[in-house]
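Turn this into a structure:
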Amino acid sequence: MSNLVPVDQHDSTLFEDAFETLLDNLNALNIELEEQAIVNLDPAFDSKKNNKVCLKNNCLPNIKTNPRNSRVKESVPIPEVYKQRY
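Sure thing, here's the model as predicted:
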């Protein structure tokens, strides 16, 4: 069950708890993620913390670079998959 949060809290700050809840729910249903499952996220979720959450759970973060957070050129690790996010 998800927790109630203030409406002025950005979704990106809720990712870790939401992802852990998703994994708990999948586990309760006896559904296993594929090894190195790809997690597609928009640039708002581009953070070291969110990348670590994905990697810690044996998932590949596929997050478009947020130009406000980075000095590197905007990129997406797996562009073909990122385009299919909707």
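
Quick check: the gap between Leu29 and Val53.
According to C-beta to C-beta, to the nearest Å, Leu29 and Val53 sit 21 Å apart. Where C-beta positions appear, they are placed from N, C-alpha and C, glycine not excepted.

ok, now Pro67?
For Pro67, the distance to Val53 equals 22 Å [C-beta to C-beta].

Who has more neighbours out of the two?
Val53 (20 against 12; other C-beta atoms under 10 Å).

Doesn't the more buried one lie inside a strand?
No: counting by DSSP: H, G, I helix; E, B strand; the rest coil, Val53 is not part of a strand but helix.

That one: what's its closest spatial neighbour, skipping adjacent residues?
Computed as C-beta to C-beta, 6 or more residues apart in numbering, the closest residue to Val53 that is not its neighbour in sequence is Glu16, at 4.9 Å.

in which helix or strand would I find that neighbour?
helix 15-28 (DSSP states H and E).

Pull the distance from whatever helix or strand comes next after that helix to the chain's centre.
Note on helix 15-28: by DSSP H and E, the next helix or strand toward the C-terminus is strand 37-41. The gap between where strand 37-41 is centred and where its chain is centred comes out at 6 Å by C-alpha atoms, centre = their mean, to the nearest Å.
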